[in-house]
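> below are the sequence and a predicted model for it; my questions follow.
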Amino acid sequence: MITNQKLYIKTWGCQMNEYDTSKIYDLLNSTHGYQLTQIIKEADIILLNTCSIREKAQEKLFHQLGRLKKLKNMNPNIIICVGGCVASQEGDLIFQRASNVDIIFGPQTLHRLPNMIDQIKNKRSKIIDISFPEIEKFDRLPDPRAKGPSAYVSIIEGCNKYCSFCIVPYTRGEEVSRPCDDVLFEISQLATQGVREIHLLGQNVNAYKGMTFDGGICSFAELLRLTASIEGIDRIRFTTSHPIDFTDDIIDVYEDTPELVSFLHLPVQSGSNRILTMMKRSYTIIEYKRIIHKLRKARPNILISSDFIIGFPGETEDDFQKTMQLIYDINFDMSFSFIYSPRPGTPSSDLIDNISKDEKKQRLYLLQRRINQQAMNYSLEMLGSIQRILVEGISHKNIMELCGRTENNRVVNFEGTRNMIGKFIDVKIIDIYANSLRGKFIKTKNNLMLIN
């Protein structure tokens, strides 16, 4: 095994990309002994894990590759790899625009990286593999390694929805669910390493239909209950779900499975049925509201967050006001909201973008202001309450403090001791801020058991 080799990884985009990056490191560390570095100049391998969701994703990649050209000229032995969705979307066009790139790989072929790297070292000029070998990648990855009390587990790859604005089905392929037993085995392995919270991942996570050992199909609702039954797992989150797949059996889990948190991210994108039709979202606002109504009946204290695209081609002021009304009606806790920008190759990229950038910015400002106000109101309701948090580690704001996360996804900073990390404790919320809460460790039955 090669030793003292350094790996630099830059990751853009979603939690799926973050998950893939962690698997890439585990893979290259276990097969070749590579160690991560934050100093790009000392790296033997530079890997860019790209995302095509944000605006001008391709140009950001090529700007980064342009900055690496001088480094490659100084040290021709550096191996430069481009992975992720932009790699899948652009393919060998990347080689044409950036001759310093050695390897191009897609989200479904990251497991082949060790072999690709060996081929480059054996004087192969360039390699591209952006195929879709479905579930093969999960069979080739090393055993999971816990990096804290919370862990991500990918359960389904790809998307079948083909929303008019989205590039994901073209870059990650169609939906492929991992076998149920493989998912549960990975979670069990993580639980034995001290993981207490599992975050299930997928482009459309609630579309999961995994094969079982006896040839049956495990639904997402069944997988949630099976995950909750694993010893040591006390909290379950999932991202990202699609309203069209949010079936009643999933809502039933909120009634009988306390390990499933009282927080849900359910993207709606727009409050206008006309815009939803143009987006090819396949549901109406009434149907979306019906899901939320059922959820709140099953779990009255649940908080809801969502995604919004502002300034979709043809969006009128009336369409925007319908979105604002929906935000008020649902009382969303937070959002991921963006100004629309066309993605090459998607159906909506052919539409006439007739809304000025200034108008889009103004609408986004108004939307985010309203949601921020609603989020602050929820935080105010938590002031003085006792919250159970999972202590994740040292606070990013103050190295003398710890931080944890509430069930409804609020970050809490507080004074504590290192032995609390990885455990659930009770804190009293004593102050609130725009993006976090401040807590105080208090003597409760749970806490006394922890410190005694």
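Received the coordinates, thanks. Residues are numbered from 1 along each chain as shown.
> residue contacts, residue 237?
197, 198, 199, 200, 261, 263, 409 (CB atoms under 8 Å, 6 or more residues apart in numbering). For glycine as for every other residue, the C-beta is placed from the backbone atoms N, C-alpha and C.
> so of those residues, which ones are in helices?
Judged by DSSP state H, the contacts of residue 237 include no members of helices.
> of those residues - the most surrounded one?
residue 198 (27 neighbours; other CB atoms under 10 Å).
> distance of that residue from residue 34?
Here residue 198 is placed at a distance of 27 Å from residue 34 (CB to CB, to the nearest Å).
> got the buried residues for the longest helix seen in the chain?
Longest helix of the chain, by residue count under DSSP H: helix 357-382. By 16 or more other CB atoms under 10 Å, the buried positions in helix 357-382 come out as 359-360, 363-364, 366-367, 370-371, 374-375, 378-379, 382.
> burial count for the closest residue to residue 162 other than its chain neighbours?
The shortest distance from residue 162 to any non-neighbouring residue, by CB to CB, 6 or more residues apart in numbering, is to residue 169 (5.4 Å). Here the number of neighbours of residue 169 (other CB under 10 Å) works out to 17.
> and if you look at residue 63?
So residue 63, with other CB under 10 Å, has 10 neighbours.
> same check on residue 317?
10.
> likewise for residue 324?
15.
> which residues does it contact?
Counted by CB under 8 Å, 6+ apart, residue 324 has contacts 271, 366, 367, 370.
> nearest to residue 57 among these?
residue 367 (22.7 Å; CB to CB).
> pLDDT score for the closest one?
Per-residue pLDDT puts residue 367 at 98.
> okay if I get the buried residues of helix 357-382 as a markdown table plus distance to residue 402?
Supplementary listing: the buried residues of helix 357-382 in a markdown table, determined by distance: CB to CB, whole Å:
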| residue | distance to residue 402 |
| --- | --- |
| 359 | 44 |
| 360 | 40 |
| 363 | 39 |
| 364 | 35 |
| 366 | 37 |
| 367 | 34 |
| 370 | 33 |
| 371 | 28 |
| 374 | 28 |
| 375 | 23 |
| 378 | 23 |
| 379 | 19 |
| 382 | 18 |
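> tell me which two of those sit farthest apart.
Every pair of the buried residues of helix 357-382 checked by CB to CB; the farthest is 359 and 382, at 35.6 Å.
> can you point out the helix or strand that includes the residue nearest to residue 162?
Residue 169 is part of helix 168-172 when elements are defined by DSSP states H and E.
> ok, residues contacting that helix?
Taking CB under 8 Å, 6+ apart as the rule, helix 168-172 contacts 52-53, 85-86, 88-89, 106-108, 157-162, 203, 345-346.
> buried subset of these, written for PyMOL?
Buried residues within the contacts of helix 168-172, by 16+ other CB under 10 Å, are selected in PyMOL with:
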select buried, resi 52+53+85+86+88+89+106+107+108+157+158+159+161+203+346
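> all strands of the stretch 201-350 of the chain, in order?
Listed in chain order, the strands of the stretch 201-350 of the chain (DSSP state E, counting those that start in this stretch) span 209-211, 217-219, 235-239, 263-265, 303-310, 334-339.
> for the fifth one, buried residues please.
Looking back up the chat, that one is strand 303-310. Quick answer for strand 303-310 (16+ other CB under 10 Å): 303, 304, 305, 306, 308, 309, 310.
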